[in-house]
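*Asks:* Provided below for reference: sequence and predicted model.
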Amino acid sequence: MRAGAWHLSALGTPPPLRARPPIWLLVMITISGTMAMHMFVPALPFAARGLATSVGEMQMTISLYILGLASGQLLYGPLSDAMGRRPVLIAGLILYAVAGFAAALAPDLRLLLAARLLQGLGGCAGLALGRAIVRDTAQADTAVRQLALMNLMMMVGPGLAPIVGGAVATSMGWRAIFWLLAAVGLLTVWLTWRLLPETGTRPAGAQGGAQAARGFSFGAGVLLRSYRELLSSVKFAGFALGGGCTTTAIYAFIAAAPFIFTTELHRSAREVGFYLGFMIVGMSVGNVLTGRLIRRIPMERLMLAGNMICLVSAGFLLAIVLGGVLSLYGILGAMLVFTCGAGMASPAALTKAISVDPDHIGSAAGLYGCAQMTVGALCTTLAAVGGDPALSAALVLTGAALLGQVAFWVALARERAEASPGS
């Protein structure tokens with residue numbers, strides 16, 4: 001079999017090449033990775049009781065899933081640059097579905113943790129490559145609008161996931177969540193095979209076959225060369241760090257939310273999923289604003305303005321916590337504004353980051369996604385420090401927004417310096 005032809009040839013002939021895949025399919029592909037994380041959060045107490053373990057140990061299923069999301073994207077990006085987006089994406093989605101079945105059947109915590117790690121490794125394929133596919137088929141400004149629209153549509157999944165997860169776990173047991181995720185994974189594999197064209201620029205001829213063979217064997221040289229070039233770019237590092245601080249820093253609040261709402265505000269556990277889902281409204285508003293304003297306002301200004309909104313709202317949350325006037329409406333209002341700012345800044349930051357090097361769009365998308373998940377995992381860990389979850393979360397959000405603003409300023413300054421005559 002020729003190099004590069006290993007991928008699922010038994011399933012039939014791939015669809016003919018098309019300029020752009022359906023946006024709803026890209027949403028479905030991308031949403032699979034984050035949906036599996038959010039849906040299982042309300043079921044942690046049920047799973048802990050079912051496997052006779054502590055809630056703290058069961059929380060490792062979230063940490064390992066985030067680890068899988070972060071690390072896997074480092075592989076998918078360069079492999080898709082070498083082998084094409086389509087075969088690498090399908091392989092990742094198959095792993096996601098199989099790991100879902102394994103998690104549903106896991107007899108103990110150890111095997112559940114292993115299955116969750118593999119599920120994260122598979123689910124991150126959609127996160128990395130869905131974005132790369134958008135950039136493959138659109139110019140920068142158009143990509144910002146499409147990413148904003150895709151983010152808006154994607155918000156429905158993570159917004160409803162905790163609610164659905166809580167309902168499924170209550171009515172059918174926590175294992176039913178993984179059966180559902182595995183079924184969705186299989187459906188996504190089938191739709192991707194039938195409808196997704198190849199959008200990457202794969203090298204042709206013998207050279208292309210050699211590069212595909214290197215990609216299939218996980219050639220360390222290909223990976224290291226791609227990431228060395230990207231990490232040596234101050235622009236990419238700034239946009240990636242700033243994008244992570246703007247978007248996934250919210251994981252700090254998500255991790256602390258059950259304790260804030262139930263312990264400090266004395267709300268019922270059933271309400272937590274609805275409060276977390278409410279924050280999606282802010283992200284959606286921010287995405288809509290970006291899609292409308294990008295035609296009149298440069299994306300750099302939108303990015304900085306969005307992150308500044310995050311910084312101001314996080315500062316407000318910190319102020320009401322320190323002032324001892326924490327309330328349900330105060331928290332929801334602050335987080336609504338915070339997520340609105342994130343919704344404005346996120347598409348622009350992503351577009352700027354993966355546009356730094358046109359020859360490594362897939363690698364850039366994977367490394368950007370890894371940076372996001374790493375920042376999210378770090379913020380989640382920091383939010384667990386201290387005895388006051390609300391204070392810890394507010395401090396983490398404020399610090400992340402400030403760091404993100406500085407990172408954006410540095411990246412844009414370098415971009416202007418490189419664009420100036422004589423640079």
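*Replies:* Sure, I can see it. Numbers count the residues shown, from 1 in each chain.
*Asks:* Which positions within stretch 350-360 qualify as buried?
*Replies:* 350, 351, 352, 353, 354, 355, 356, 360 (16 or more other Cβ atoms under 10 Å). The C-beta positions use only the backbone N, C-alpha and C, and glycine is treated the same way.
*Asks:* close enough to count as contact, the fourth one and residue 368?
*Replies:* Right, residue 353. Yes: between residue 353 and residue 368 there is a contact at 4.8 Å, judged by Cβ atoms under 8 Å.
*Asks:* Now do the shared contacts for the two.
*Replies:* Both residue 353 and residue 368 are contacted by 239, 240, 243, under the criterion Cβ atoms under 8 Å, 6 or more residues apart in numbering.
*Asks:* Which of the helices or strands spans the first one?
*Replies:* The one in question is residue 239. Taking DSSP states H and E as the definition, residue 239 sits inside helix 234-247.
*Asks:* Now do that helix: distance to the chain's middle.
*Replies:* 14 Å (Cα atoms, centre = their mean, to the nearest Å).
*Asks:* what packs against it?
*Replies:* Helices and strands touching helix 234-247, as assessed by 3 or more Cβ pairs under 8 Å, 6 or more residues apart in numbering; DSSP states H and E, comprise helix 299-322, helix 328-354, helix 361-383, helix 389-419.
*Asks:* returning to what we had before: let's have the shared contacts of residue 353 and residue 368 in TSV, adding pLDDT, distance to residue 121 and neighbour count.
*Replies:* Shown next, in TSV, are those (pLDDT from 0 to 100; distance: Cβ to Cβ, whole Å; neighbours: other Cβ atoms under 10 Å):
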residue	pLDDT	distance to residue 121	neighbour count
239	93	25	30
240	92	20	30
243	91	22	31
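*Asks:* can you list the weak-confidence ranges in this protein?
*Replies:* Scanning the chain with the threshold set as pLDDT under 70 gives 1-20, 55-56, 135, 137-159, 200-223, 269-270, 273, 421-423.
*Asks:* which one is residue 332 nearest to, not counting chain neighbours?
*Replies:* residue 278 (6.1 Å; Cβ to Cβ, 6 or more residues apart in numbering).
*Asks:* In this structure the one you found contacts residue 333, no?
*Replies:* No: in this structure residue 278 lies outside contact range of residue 333 using Cβ under 8 Å: 10.4 Å.
*Asks:* Just list the residues touching residue 111, thanks.
*Replies:* residue 102.
*Asks:* can you do 10 Å?
*Replies:* By Cβ atoms under 10 Å, 6 or more residues apart in numbering, the contact list for residue 111 reads 51, 102, 103, 105.
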